[in-house]
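Q: Predicted model follows, preceded by the sequence.
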Amino acid sequence: METTAPWHRIPDLGPYFAVTYGEHPDPDGFRPLTLLHGDADVLGARVGEVARRTGTGQIRVAASTFQLGLAARLWSVALAAAAFTGTVPDLDPARLRWRTPPTGPVDLWLPAPRALPSRPAALLDTVVLRNLEPLNAAVRRLCGLSPHVLRGNSASALVGALRVLLGHAPPRPVTGLVRTLLDREPLAGTGTLTVTADGSPSFRRRSCCLYYRLPGGGLCGDCVLAGTRRTA
């Protein structure tokens, strides 16, 4: 069902949570997200742009960085909607549009938004099964990046979105929802989520996103290698 669900109630949480719904004031340059899954040239060009911006000559590192960033975008949009409205936008990659801005994360636009319930199965389907899993397969074809790294990136991005949301006091609980998502395939086994007495989440993944291989990079706080090298 097409809808204008109350996503306008979501506060400004930062660029990773931003998405335009309905009519766009500047639609030039937007393309369906399916192109990143099915067109090797489009994906290769985007990963190459990430490599240029980050200063790395390692395609696997650039591909991991790009996939992690897009996972963070999708999880941020879906989780914020669940936390603030009780619904999530259907992120069907054939409907969702993207373009590369001069700086920052990719722009996202849903011309015909459709609402889904904020149940774990719906979130897992719209973010992971229909978006990240096809993207992960395309990235593996492009550069052979380990599926463990890509699944770990997907889980890490989910917990990162949770951390930001909890800092904005969402009206609906989301930590339990995230825990449920991490317990389900294909995210199961990617890491361990713990929650402190004050409700702060901590995640230790079982893989590394390769950020430390970027010029000036270090280890992320949830990395499997944290404690063995300097952290970012």
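A: Perfect, I can see it now. If you're wondering where the values come from, they're calculated on a predicted model, not measured in any experiment.
Q: Every contact and neighbour count from this point should use C-alpha atoms.
A: Noted.
Q: Please state the backbone phi and psi of the nearest residue to Pro201 once chain neighbours are set aside?
A: Excluding the flanking residues, the one nearest Pro201 by Cα to Cα, 6 or more residues apart in numbering is Val195, at 4.4 Å. The phi/psi pair for Val195 (degrees, to the nearest 10) reads phi -130, psi 130.
Q: How about Arg205?
A: phi -80, psi 170.
Q: mind starting the numbering at 21 from now?
A: Happy to do that; since the first residue is 21 now, the last one works out to Arg225.
Q: Distance-wise, check the residue lying closest to it once chain neighbours are set aside relative to Arg204.
A: Spatially, and ignoring its direct neighbours in sequence, Arg225 is nearest to Gly211 (3.8 Å; Cα to Cα, 6+ apart). As judged by Cα to Cα, to the nearest Å, Gly211 and Arg204 stand 12 Å apart.
Q: Tell me which of the two has more neighbours.
A: Using other Cα atoms under 10 Å as the criterion, Gly211 and Arg204 rank with Gly211 on top: 21 against 13.
Q: got a list of what that one touches?
A: Gly211 is in contact with Gly172, Ala175, Phe223, Arg224, Arg225, Arg226, counting by Cα atoms under 8 Å, 6 or more residues apart in numbering.
Q: who's in contact with the residue sitting nearest the centre point of the chain?
A: In the chain, the residue lying closest to the centroid (Cα atoms, centre = their mean) is Ala91, at 1.8 Å. With contacts defined as Cα under 8 Å, 6+ apart, Ala91 is in contact with Leu152, Asn173, Ser174, Ala177, Leu178.
Q: Is it located within a helix, as I assumed?
A: Yes: according to DSSP: H, G, I helix; E, B strand; the rest coil, Ala91 belongs to a helix.
Q: which residues of this protein fall in helices?
A: Here the chain has its helices, by DSSP state H, at 54-58, 60-74, 79-105, 140-143, 153-163, 167-186, 195-202.
Q: By neighbours, which of the contacts of Gly211 wins?
A: Ala175 (29 neighbours).
Q: Between the contacts of Gly211, which sits nearest Ala158?
A: Gly172 (16.3 Å; Cα to Cα).
Q: okay, the nearest residue to that closest one once chain neighbours are set aside: pLDDT?
A: Spatial nearest neighbour of Gly172, chain neighbours left out: Thr210 (5.2 Å); criterion: Cα to Cα, 6+ apart. Note on Thr210: pLDDT of 96.
Q: Any chance of the helices of the chain in a markdown table with distance to Asp32 and mean pLDDT as columns?
A: Shown next, in a markdown table, are those (distance: least, Cα to Cα, whole Å; pLDDT from 0 to 100):
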| stretch | distance to Asp32 | mean pLDDT |
| --- | --- | --- |
| helix 54-58 | 27 | 95 |
| helix 60-74 | 25 | 96 |
| helix 79-105 | 10 | 97 |
| helix 140-143 | 21 | 96 |
| helix 153-163 | 27 | 97 |
| helix 167-186 | 11 | 96 |
| helix 195-202 | 20 | 97 |
